[in-house]
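[1] Sequence first, predicted model second:
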Amino acid sequence: MSSVETTAERICYITRVQSFCACHRLHSKSLSDEENKRTFGKCNNPNGHGHNYTVEVTVKGKIDKNTGMVMNLTDLKQIIEETIMKPLDHKNLDLDVPYFANVVSTTENLAVYIWDCMAEHLPPNTLFEIKMHETDKNKVIYRGE
Ligand SMILES: Nc1nc2c(c(=O)[nH]1)N=C([C@H](O)[C@H](O)COP(=O)(O)OP(=O)(O)OP(=O)(O)O)CN2
Ligand SMILES: [Zn+2]
């Protein structure tokens, strides 16, 4: 293969998909009980409710000329296990995850939380996107902006 045809240095996006389950309640401490009910409706029920979330973590980078990889997906799997699965899987987001003590556990905020945790464990500027599937119909994308 000539230097023109080589894949090395080309930018590629790699994604690892992971599912976890967690429960939560949508409730804002900066709103009154009435405002909470009006804003979040059934999702403000004090008993909470659960989701089978799926998260897609996408890393962007150059294909390494020696390894042929942007990064080893097995390493990405390990980082996801530590930073997403251990703190979030089978947890009550509002009670078990300190971040959500004063932050409403919407999927938007969950995507930002996961972004911040993943970014700490990846080389700078390589995390491209966190895509959350809260339900089959509700999706959230965060790209660090
Ligand atoms: N912007 C956001 N809106 C809502 C969020 C959110 O995270 N961000 N979350 C919820 C609830 O958590 C809720 O669980 C979603 O439930 P629901 O609307 O019932 O989900 P579906 O639309 O998939 O269910 P169907 O009834 O089958 O349509 C609400 N809003
Ligand atoms: Zn919910």
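    Here it is on my side, so go on. Ligands and ions are numbered 1, 2, ... in the order given.
[2] I'd guessed Val55 sits against Lys131; true?
    Yes: using Cβ atoms under 8 Å as the test, Val55 is close enough to Lys131 to be in contact (7.1 Å). Backbone N, C-alpha and C define where each C-beta goes, glycine included.
[3] Which residue of the two possesses the greater neighbour count?
    Val55 (23 against 17; other Cβ atoms under 10 Å).
[4] looking at this, the more buried one is in a strand?
    Yes: according to DSSP: H, G, I helix; E, B strand; the rest coil, Val55 belongs to a strand.
[5] Next to ligand 1, which bits of this protein? Give me the list.
    26, 43, 49, 106-108, 134-135, 137-138 (Cβ under 6 Å from any ligand atom).
[6] Let's see which of those end up in helices.
    If you go by DSSP state H, these have 107-108 in helices.
[7] Just the buried residues from the residues of the chain next to ligand 1, in ChimeraX please.
    Those of the residues of the chain next to ligand 1 that count as buried under 16 or more other Cβ atoms under 10 Å are selected in ChimeraX with:
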select :26,106,107,134
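[8] quick one: the strands in the protein?
    Remark: strands assigned in the chain by DSSP state E are 11-24, 49-62, 91-92, 127-133, 139-142.
[9] Identify the residues contacting the nearest residue to His90 once chain neighbours are set aside.
    Distances taken as Cβ to Cβ, 6 or more residues apart in numbering place Cys21 nearest to His90, at 6.2 Å, with adjacent residues excluded. Cys21 makes contact with 50-53, 89-90, according to Cβ atoms under 8 Å, 6 or more residues apart in numbering.
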